[in-house]
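1. model the structure of this input:
(2 chains)
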There are 2 protein chains.
Amino acid sequence: INPELQLRVLEQVRQPKLVLCDTMNLWISQSRDKVLEVLSRVDVALMNDSEARQLFETPSLIRAGRRLLQAGPRVGIIKKGEHGALLFADNDFFAAPSYPLEDVLDPTGAGDSFAGGLIGFVAYTNDPSVDNLRKAVIYGSIVASFNVEDFSLNALRRVTPEDIARRYEEFVEMTQFET
Amino acid sequence: INPELQLRVLEQVRQPKLVLCDTMNLWISQSRDKVLEVLSRVDVALMNDSEARQLFETPSLIRAGRRLLQAGPRVGIIKKGEHGALLFADNDFFAAPSYPLEDVLDPTGAGDSFAGGLIGFVAYTNDPSVDNLRKAVIYGSIVASFNVEDFSLNALRRVTPEDIARRYEEFVEMTQFET
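-> Numbers count the residues shown, from 1 in each chain, chains lettered A, B, ... in the order given. Down below sits the predicted model:
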């Protein structure tokens, strides 16, 4: 929503444990200063790659991520669609791929379901540490991967905790290498 | 080089332990059948994302990777520039990010230095298993990350084994999550 409304919502929330925000190109174009004010007052800021490039005026997502942290949040997360997500924090950086899908039926809501899966996992585990946010990024990616496999909320209506656990195991397997 | 020349080179190599090929958009446009013939005769096939989409006529890199395997190689690797690389093998899939760089001075040679770092690591360790190829993808990505930080071969002339080992450690750190 409009960042001015986000700020008014935030003013009415009493002692929040963790505040996460998302934004979009419209507000970056129309209300850049207000978007930056919101970023200065949240714990975790989420946006996609094109929004990060637009807001911080750089083609480099790595530089955009650093500037996102300078804007105030403890953690910044840049979503890259099929290419996964990047997490930035003080002295921490995490890169996660997306769950590999041969077919994407409808990408509508991918970013929102990513955010929902992420914050849902943090709420469920009640652990906002950066290490747990790494896991939460994977869960966000998994929820988004189900969402884009069907129209509307159809896939999310069908998905079970077992389905999600199975994709998490696959994530582990597909990212491991000998260290 | 021209896939017809690749085939003539391959005919003259006696009992190769591991054959890796790369290709490019020009040959896919001009000599698609010969490119596919080369793919049917190598162990590891490397190409970038746009080449894979062009050759296998699909926007989906996951589907392109499966079709790449069907073309013959034991392992297919799709390079995605700043977004990392995907490795496909029978019953295996590996996704690796790129080393995060704020500044890329010159991307010329990134794909070639990736291939060189990858095959160099396989030769050095004398282990063409898929598990070792996962590590080799990381080393390829690291060598490419140094290459793009300067013009020509300047960065590769300066880089030391310790520099490479340090970025490998960073790769481990930036991809781990609790399993």
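
2. next up, the contacts around the spatially closest residue to A:Gly109 that is not a sequence neighbour.
-> Spatial nearest neighbour of A:Gly109, excluding adjacent residues (C-beta to C-beta, 6 or more residues apart in numbering or on different chains): A:Asn147 at 5.4 Å. Heads up, the C-betas are built off the backbone N, CA and C, glycines and all. Residues near A:Asn147 by C-beta atoms under 8 Å, 6 or more residues apart in numbering or on different chains: A:109-110, A:113, A:153, A:155-156.

3. try it again at 10 Å.
-> Contact analysis of A:Asn147 by C-beta atoms under 10 Å, 6 or more residues apart in numbering or on different chains lists A:104-114, A:116-117, A:153-156, A:159.

4. kindly report the same for A:Lys79.
-> A:22, A:46-52, A:85-86, A:98, A:110-111, A:114-115, A:118, A:137, A:140-141, A:144.

5. one more: A:Thr175?
-> A:84, A:95-97, A:138, B:93-97, B:134, B:175-177, B:179.

6. out of the residues you listed, which one has the lowest pLDDT?
-> Taking pLDDT as the measure, the contacts of A:Thr175 have their low point at B:Thr179 (78).

7. and the closest residue to A:Ala95 other than its chain neighbours, what does it touch?
-> Nearest non-adjacent residue to A:Ala95, counting by C-beta to C-beta, 6+ apart: B:Pro97, 3.5 Å away. Going by C-beta under 10 Å, 6+ apart, B:Pro97 touches A:80, A:83-86, A:93-97, A:175, B:80, B:82-85, B:138, B:141, B:171, B:174-175.

8. which stretches in chain A count as strands?
-> A:20-22, A:44-48, A:75-79, A:85-89, A:92-96 (DSSP state E).

9. now those strands in CSV, with distance to A:Val122?
-> Formatted as CSV, the strands of chain A follow (distance: least, C-beta to C-beta, whole Å):
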stretch, distance to A:Val122
strand A:20-22, 8
strand A:44-48, 8
strand A:75-79, 11
strand A:85-89, 13
strand A:92-96, 15
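
10. so which of those strands comes closest to B:Leu10?
-> strand A:92-96 (35.9 Å; C-beta to C-beta).

11. on that earlier part again, write the PyMOL selection for whichever of the contacts of A:Asn147 are buried.
-> Buried members of the contacts of A:Asn147 can be picked out in PyMOL with the line below, counting by 16 or more other C-beta atoms under 10 Å in any protein chain shown:
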select buried, chain A and resi 104+109+110+111+113+114+116+117+155+156+159
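
12. for B:Asp112, see how far away the closest residue to A:Pro100 other than its chain neighbours is.
-> With sequence-adjacent residues excluded and distances taken as C-beta to C-beta, 6+ apart, A:Pro100 is closest to B:Ile62, at 4.6 Å. Distance of B:Ile62 to B:Asp112, computed by C-beta to C-beta, to the nearest Å: 25 Å.

13. touching, A:Ile62 and A:Phe88? I think so.
-> Yes: between A:Ile62 and A:Phe88 there is a contact at 8.5 Å, judged by C-beta atoms under 10 Å.

14. so where's chain A shaky on pLDDT?
-> Chain A contains no residues with pLDDT under 70.

15. can you give me the helices in chain A?
-> When assigned using DSSP state H, the helices of chain A occupy the ranges A:3-12, A:25-30, A:32-39, A:49-56, A:61-70, A:110-125, A:130-147, A:154-158, A:161-175.

16. so which of those helices is the most surrounded?
-> Burial of the helices of chain A is given as mean neighbour count (mean count of other C-beta atoms under 10 Å in any protein chain shown); helix A:130-147 ranks first at a mean of 23.

17. the inter-axis angle of that helix versus helix B:161-175?
-> Here helix A:130-147 runs at an angle of 70 degrees relative to helix B:161-175 (axes from the mean of the first three to the mean of the last three C-alpha atoms, to 10 degrees).

18. could you find the closest non-adjacent residue to A:Met24?
-> A:Glu51 (6.5 Å).
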